[in-house]
Structure formats: structure tokens, C-alpha cells
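**Q** give me coordinates for this.
(3 chains)
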Amino acid sequence: MQCTPITHSGYQLFQQGSITLAEMECNGIRIDTDYINRAQKQLNVKIQKLTVRMQKDEVYRIWKRKYGVKMNFGSREQLGDVVFNELEGTHGTRTKTGRYKADKAALENIDLLFLRRYTKLEQFKKASSTYLKGIQRHVDSEGFIHPFFALDTVRTFRSSSTDPNLHNIPVREPFIKKLIRRGFIPREPNRHIVEHDFSGIEVKTAACYNHDPTLLRYIRDKKSDMHRDMCMQIYHLTINEYTDALRHCAKNKFVFPEFYGDWYINCAKSLWNVVNQLHLKTKTGEDVYKHLRRHGITKLGHCTPGETPLPHSFEGHVKRVEKDFWENRFRVYTEWKWDWWEDYLDRGFFDTLTGFRIAGAMDRKKVINYPIQGSAFHCLLWCITRINKLLRKYKMKTKLIGQIHDSVIGDVLHRELKDYIEIAHQVMTIDLRKHWSWIIVPMDVDAEVSPMGRSWFEKEKYKP
DNA sequence: CAACAAAGCGCG
DNA sequence: AAAGCGCGCTTTGTTG
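**A** Residues are numbered from 1 along each chain as shown, chains lettered A, B, ... in the order given. This next block holds a predicted model:
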């Protein structure tokens, strides 16, 4: 892995950053080991009960009849074979090795209780084997884990985390989130877990590269809202009809994927299917499919690459939204993407705003995404180094214990709470921008604090 | 038995 | 012409 800071600033960032990350690793995170052990036992009971319930299902019997003693309930290959070859009215797509694709998204297209339960079971197994077991494996004799952070493994000059990986602790599914995060506690009863998150840092970093006026306005004008606007356009909603849930879909199933280089066919499928999966309604309580029908959209469409979308299809609509998105709304962003790609083709490398050179063979999407992803993380890395220095300068007992790409986690002494939050806020919103003049947009940070002595799960938005 | 690749899923 | 960026970890299945 090539790791080439090209400027003094980039070199300093990684030299100092390495030390900060090593200190975090050394500090470690206190684990409520009794809780984790209890949770593991309870979860295994749930897994057992669900497995027994599923054994009475007709699909299970078909599976058993076909595979006999070779039946393996954990085998997606066998599941795909049973679902797509033995059941009526199912048709699957295949992976590049010829197996049936049998991931969560593929199974969700089939309306079967057995498959809903299978997905839930797999989720529980993941929580048990990767997270609870992973934590148990790594706790030291004092009840601490020491997630490791590497700076020399990631193509974009982000960091990675291992043993255990602190970068993918569950948060999106509420039950699993609580199950796992409840086990991360402050090192003493008179402390808090405190997490500071940069909000929208990748979008802001992108804007610092491409200087797109529309994107800059969305960032600077607090009354404007890019995800809301896209939500309204995608689902044909007025300002009075959109909901937070629909806005969330637009953000995560259109805007971010498009920024990363996805295209309308994938976006249309997931934007359409999520309506059914989450039973989404408009603010006025209307079914979203019904609402779209009133606006002339009656079906998803075939979503076949190379084929023209059918009239009155959602696919065709999203294709037009995508065209408008890149040709009108973010025209300057589009121009930057082409210019940046051309410059890379001429030179064989590109330099980040944070002082790194990324060279070697890359396709167009990588060339666009790498500098943005890397620079966004470098903002966080600079901040944690600065915060750490200030903690030492003021002889504080608060310790930094982890980092998740755009957030920093502190184990904060109760009497230092106000000071710590003041310091982190100052560094992340003011000092960072003084350090890097290329940051031409405001930086915002959200602080979340656990009640004294309570877990990471229990953190709440900080109110002074 | 070990080593490896593929598939899948957790996160930003 | 191709068709989502970056990771780490676990299980399954194959190979030797």
C-alpha cells in the first residue's frame, strides 16, 4: 500500500495522528462484561426458539427432503436452490459464479413468512457471532477492549479499525443497536460516554472540491434542504406532503448513491421497494404508490440495463430526475467530475486538499470519490489530535477512546463535561477552518452524551 | 488439517 | 461502455 503525503502538512497530520490513534487504542473502552455475557445467553435462546419455530415450516421440510443429512441451515447456496428451484412462482438472479443470489434484498422480493424469519435469524446470528462474541474475545483482564486503528491500509487515506472493529458497531436496527451498545460503558461511574459527529462532512468536502454553487447554497443556507427537495421531486410531493421517512429514503437511496456514482436503475428499484417494505405513506396518509398513480406513475418498470424505460414507469421518472440532478441542479459538480477525471488521465495521479497524492490505476468513480472520502476523514483526524493536545495541556482526566470516520468518542469525567464539550466544539467548528483555508463552508457538529455512568446506547443529544 | 475465495452484512 | 465509494469479520464451500 502506497502511503504518500506530498506536503509537510500531510506528513505532520499522519505522524501526529498515529500517536493520537495509538493513545486511543491504549486507553481502550470499558465493557460491561456481565451484561455482554447475559446478552449472549439471551440472544442464543432467541436464536434457538426461532430455529425450532422455522423447522415446522413447509419450506424447511422441502429443504430437508432435498438435502437430507447434508442440509445446512446457514448455507445461502442451499437456501437459494430451495427457494428458486423448488417453490412456485419465484425467479432469482445469479451471482457471477452462477449461484442464486440469496441476500436480504433478493429474499425481500418474495412474500414468505419463512424468509422474513430467515432474515431475522441471520441478523441475530450476526449480532451473536460478530459482535457479542467478538467483544468477548477481545476484552482484556481489566474489562477493556482496545480497538486498533490503522492509517496505512486504506486506499483513500482513511483509517481502518480491527480487533475488534469499532467502525461497524450496529446502530441502524433498534433492537440490535441496544443489544450491543448497552455493553459499552464509561471507565468509572463518574464519567460519561460523549460522541461528537460532524454533520454532512462528505457532502461539505465534496463542495470544497467542486465549488458547485447549488451545493454550496444548500450547505450555507440553513433553511434550504437538499434531501427534502429531492424527496419531493422523486415522490411527486408538495412541502405539505413529504415526511421525514420519505426524506430519509431520498437521502440514502438517491442522493448519496448518486454522489458515489450509482445510476437510476438501482436507485429506482430501491426507492420503489422501500415504500412497500416500510409501508410508507404521505403526510396526508395516502399510500405512496396510490399517490404516484395520481401523478401518472403506475409501475416500477423493468429496470433492464440497455432498455428504454416503459411509459408511466417509476424507472423512467427516476431516470429524468437523475438527468435533471446532474445536468441542471448540480451542473458545476458534473463539470468538476469531468475535469478532475481528465486531469487524472493526463497525470496518472491526483492530490488531495489535505496534502496526499493518490496514484495508480483507478476507474472514474474511484478518482471522484477517493479525494472526498479521504479529506473528510482528515478533518476528523486533525481535530482529534488537537483535542488530545488540549486535554493534556489543561491536565484533564478525560480520555479519547475511539473514532468512527467522522466522529470522536470520549470517556469524559463528569466535572470536565462542560469543558470537554466546549473544547471539542471549538476545535471542530473553528480551529479546523483556521488550519485549512480550503474549507469554505461552515462545519457543524452534533454532541451526544450518556447519563453519568451509563452506556453508549443511552447517549442523548447534548443540551447545555 | 490449513489456506483461500465468495457471499453476505455490519458501519461511515 | 458500464452501471455504488471505503472498510473488517464470519461462515460456507472448495482445494490440496
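
**Q** in contact with the residue of chain A found nearest DNA strand C, which residues?
**A** At 2.5 Å from DNA strand C, A:Gly74 is the closest residue in chain A, using Cβ to the nearest atom of the strand. Glycine gets a C-beta too; all of them are placed from N, C-alpha and C. Listed by Cβ atoms under 8 Å, 6 or more residues apart in numbering, the contact set of A:Gly74 reads A:Lys125.

**Q** next: the one 4 residues further on.
**A** Remark: with contacts taken as Cβ under 8 Å, 6+ apart, A:Gln78 is in contact with A:Trp63, A:Tyr67, A:Met71, A:Asn72.

**Q** buried subset of those, written for PyMOL?
**A** Buried residues within those, by 16 or more other Cβ atoms under 10 Å, are selected in PyMOL with:
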select buried, chain A and resi 63
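
**Q** got CSV for the contacts of A:Gln78, with distance to DNA strand B too?
**A** Shown next, in CSV, are the contacts of A:Gln78 (distance: Cβ to the nearest atom of the strand, whole Å):
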residue, distance to DNA strand B
A:Trp63, 16
A:Tyr67, 17
A:Met71, 17
A:Asn72, 13
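
**Q** okay, the contacts of A:Gln78 in CSV with pLDDT and secondary structure next?
**A** CSV is the format used below for the contacts of A:Gln78 (pLDDT from 0 to 100; DSSP: H, G, I helix; E, B strand; the rest coil):
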residue, pLDDT, secondary structure
A:Trp63, 98, helix
A:Tyr67, 96, helix
A:Met71, 96, coil
A:Asn72, 97, coil
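
**Q** out of the contacts of A:Gln78, which are close to DNA strand C?
**A** Contacts with DNA strand C within the contacts of A:Gln78, counted by Cβ under 7 Å from any atom of the strand: A:Asn72.

**Q** for the residue of chain A closest to DNA strand C, what are phi and psi?
**A** Note on A:Gly74: its backbone torsions stand at phi -90, psi 0 [degrees, to the nearest 10].

**Q** how close does it get to A:Tyr344?
**A** Distance from A:Gly74 to A:Tyr344, counting by Cβ to Cβ, to the nearest Å: 43 Å.

**Q** thinking again about what came up before, and the pLDDT for the residue of chain A closest to DNA strand C?
**A** We have a pLDDT of 96 for A:Gly74.

**Q** also the one 10 residues further on?
**A** We have a pLDDT of 96 for A:Phe84.

**Q** would the lengthiest helix in chain A count as contacting DNA strand C?
**A** Secondary structure of chain A read by DSSP state H shows that its longest helix is helix A:364-393. Yes. Between helix A:364-393 and DNA strand C, judged by Cβ under 7 Å from any atom of the strand, the touching residues are A:Lys365, A:Lys366, A:Asn369, A:Tyr370, A:Gln373.

**Q** which residue sits closest to the first one, ignoring its sequence neighbours?
**A** So the one you mean is A:Lys365. A:Gly261 (3.6 Å; Cβ to Cβ, 6 or more residues apart in numbering).

**Q** isn't that neighbour up against A:Met362?
**A** No. Taking contacts as Cβ atoms under 8 Å, A:Gly261 lies outside contact range of A:Met362: 12.0 Å.

**Q** is A:Asn402 part of a helix or strand, or is it coil?
**A** For residue A:402 the amino acid is Gly, not Asn. The three-state label given to A:Gly402 by DSSP: H, G, I helix; E, B strand; the rest coil is strand.

**Q** quick one: contacts for it?
**A** Listed by Cβ under 8 Å, 6+ apart, the contact partners of A:Gly402 are A:Met24, A:Ile29, A:Pro147, A:Leu166, A:Val408, A:Ile409.

**Q** with secondary structure added, can I get these in JSON lines?
**A** As requested, the contacts of A:Gly402 are exported to JSON lines (three-state DSSP):
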{"residue": "A:Met24", "secondary structure": "helix"}
{"residue": "A:Ile29", "secondary structure": "strand"}
{"residue": "A:Pro147", "secondary structure": "coil"}
{"residue": "A:Leu166", "secondary structure": "helix"}
{"residue": "A:Val408", "secondary structure": "strand"}
{"residue": "A:Ile409", "secondary structure": "strand"}
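
**Q** A:Arg293: which of those is nearest?
**A** The shortest approach to A:Arg293 among those belongs to A:Leu166, at 45.8 Å (Cβ to Cβ).

**Q** which of the contacts of A:Gly402 sits closest to A:Ile423?
**A** Nearest to A:Ile423 among those, counting by Cβ to Cβ, is A:Val408 at 11.2 Å.

**Q** now do that closest one against DNA strand B, distance only.
**A** 11 Å (Cβ to the nearest atom of the strand, to the nearest Å).

**Q** same question for A:Tyr11.
**A** For A:Tyr11, the distance to DNA strand B equals 24 Å [Cβ to the nearest atom of the strand].

**Q** tell me the SS of the residue nearest to A:Lys365?
**A** Classification of A:Gly261 using three-state DSSP returns coil.

**Q** again, but for A:Ile421
**A** Under the three-state scheme (three-state DSSP), A:Ile421 adopts helix.

**Q** surely it touches A:His192?
**A** No. A:Ile421 is beyond contact range of A:His192, at 9.9 Å (criterion: Cβ under 8 Å).

**Q** more crowded one of these two?
**A** A:His192 (25 against 20; other Cβ atoms under 10 Å).

**Q** so the more buried one sits in a strand?
**A** Yes. Assigned with three-state DSSP, A:His192 falls within a strand.

**Q** Provide a list of residues in contact with A:Arg331.
**A** Each residue near A:Arg331 by Cβ under 8 Å, 6+ apart is listed here: A:Asp212, A:Thr214.

**Q** over to A:Lys96?
**A** Per Cβ under 8 Å, 6+ apart, neighbours of A:Lys96: none.

**Q** hang on, it in a strand?
**A** No. Read with three-state DSSP, A:Lys96 is coil and lies in no strand.

**Q** mind checking how far it is from A:Leu107?
**A** Distance from A:Lys96 to A:Leu107, counting by Cβ to Cβ: 19 Å.

**Q** what's the most distant pair in the residues of helix A:364-393 next to DNA strand C?
**A** Spanning the widest gap among the residues of helix A:364-393 next to DNA strand C are A:Lys365 and A:Gln373, at 11.4 Å by Cβ to Cβ.

**Q** more crowded one of these two?
**A** Between A:Lys365 and A:Gln373, counting by other Cβ under 10 Å, A:Gln373 is the more crowded of the two (22 against 13).

**Q** how many residues are close by A:Lys418?
**A** Number of residues near A:Lys418 (other Cβ under 10 Å) recorded here: 11.
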